[in-house]
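> Show me how the following folds:
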Amino acid sequence: MQKKPPTRLQLFRRYFLTGVAFIAPLALTIFIFAYLFQLLHNWIGRPVSKLLPENLVAPDGSAWIASLVGLLLLLGCILVVGAIVSTVLGRRLAAFSERLLLQLPLIRTVYAPAKQIVEFFVNPTAVQFGAVVLVRYPHPNSYAIGFITGKDVEQLNSATGRKMVNVFVPFTPTPVTGIMLVLPEDEVIPVDLTVEEALKMVVSGGVATPTRVLTETEPPK
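Residues are numbered from 1 along each chain as shown. Sure thing, here's the model as predicted:
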């Protein structure tokens, strides 16, 4: 039986959905980078523009050259600090400054968790963060993806009489925000997923599953 050719409406729908599937991720990526660039411009570009000659600043006030210079300066500073901290003396200075910050009553309440969060995204193996688990959240009949962020906290174990673990449940589509749960270790379900795979699922709202990624990147033999 000969296949019936698609109607104009079906072609329109197919082309439209194909166009959306191609453009939407690109547009979202551009939007995110544009937003970050705008933040960079507001925080760094404008102060730097005051230090540059007037002929280097755009006449419309956008000061995009200043933002670019600010970005290069920021990257340069990060590289220089990283190079210094990588040395023996730099590591000692970093450890000393960290101990000093952790002794300040108000600063340590922000610095300590901020350091752990940054360490996870930069180097997940540097902290107790990485075991992907399923937890019953927000009610007993549903599950959420979480990450074990800590365990063997004596105060929590003694208070409950059970071995407890700290689990961070990230929110979609911004996994840097979420909720921290303290759960009995025997109530969390380990999942055979890498941190990267789990984060992709969270960011995409479950669309980018590991199976789908393998199907698209590895054609069947």
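> Model confidence for residue 161, exactly?
The per-residue pLDDT reported for residue 161 equals 90.
> Could I get the buried residue list for the one helix or strand residue 149 maps to?
Element membership for residue 149, per DSSP states H and E: strand 143-151. Buried residues in strand 143-151, counted by 16 or more other Cβ atoms under 10 Å: 144-150. Yep, even glycine has a C-beta here, placed from its N, CA and C like the rest.
> Just give me the closest of those residues to residue 17.
Residue 17 lies nearest to residue 145 out of the buried residues of strand 143-151, by Cβ to Cβ, at 27.9 Å.
> For the closest one, which non-adjacent residue is closest in space?
residue 198 (5.4 Å; Cβ to Cβ, 6 or more residues apart in numbering).
> next one: residue 6
residue 14 (7.1 Å).
> can you count the residues close to the one you found?
11 (other Cβ atoms under 10 Å).
> Check which helix or strand it maps to.
helix 8-40.
> can you tell me the average pLDDT over that helix?
When pLDDT is averaged along helix 8-40, the result is 75.
> which other helices and strands contact it?
helix 64-85 (3 or more Cβ pairs under 8 Å, 6 or more residues apart in numbering; DSSP states H and E).
> Direction-wise, compare the helix or strand following the helix it packs on with helix 64-85 and give the angle.
Sequence order places helix 88-102 as the next helix or strand after helix 64-85, per DSSP H and E. Going by axes from the mean of the first three to the mean of the last three Cα atoms, to 10 degrees, helix 88-102 is angled at 100 degrees with respect to helix 64-85.
> now residue 146: how far from residue 170?
8 Å (Cβ to Cβ, to the nearest Å).
> ok, back up a step: mind checking pLDDT for the residue nearest to residue 145?
For residue 198, pLDDT reads 86.
> before we move on, which element is it in?
Secondary structure from DSSP H and E places residue 198 in helix 195-203.
> mind listing what's buried in that helix?
195, 197-202.
> Which strands or helices does it pack on?
By 3+ Cβ pairs under 8 Å, 6+ apart, helix 195-203 packs against strand 132-136, strand 143-151, helix 210-217.
> can you give me the offset of that helix from its chain's centre?
On the basis of Cα atoms, centre = their mean, to the nearest Å, helix 195-203 is displaced by 10 Å from the centre of the chain it belongs to.
> tell me the angle it makes with strand 143-151.
Using the same axes, to 10 degrees: helix 195-203 against strand 143-151 is 130 degrees.
> Now do helix 195-203 against strand 132-136, angle only.
40 degrees.
> Convert the C-alpha atoms of helix 195-203 to PDB, please.
Listed in PDB are the C-alpha atoms of helix 195-203, where the atom choice follows Å, rounded to 0.1, in the frame of the first residue of the first chain:
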ATOM      1  CA  VAL A 195      26.600  12.900  38.800                       C
ATOM      2  CA  GLU A 196      26.800  14.400  35.300                       C
ATOM      3  CA  GLU A 197      23.900  12.100  34.000                       C
ATOM      4  CA  ALA A 198      21.800  12.900  37.000                       C
ATOM      5  CA  LEU A 199      22.400  16.700  36.600                       C
ATOM      6  CA  LYS A 200      21.400  16.500  33.000                       C
ATOM      7  CA  MET A 201      18.100  14.800  33.900                       C
ATOM      8  CA  VAL A 202      17.400  17.500  36.500                       C
ATOM      9  CA  VAL A 203      18.300  20.500  34.300                       C
END
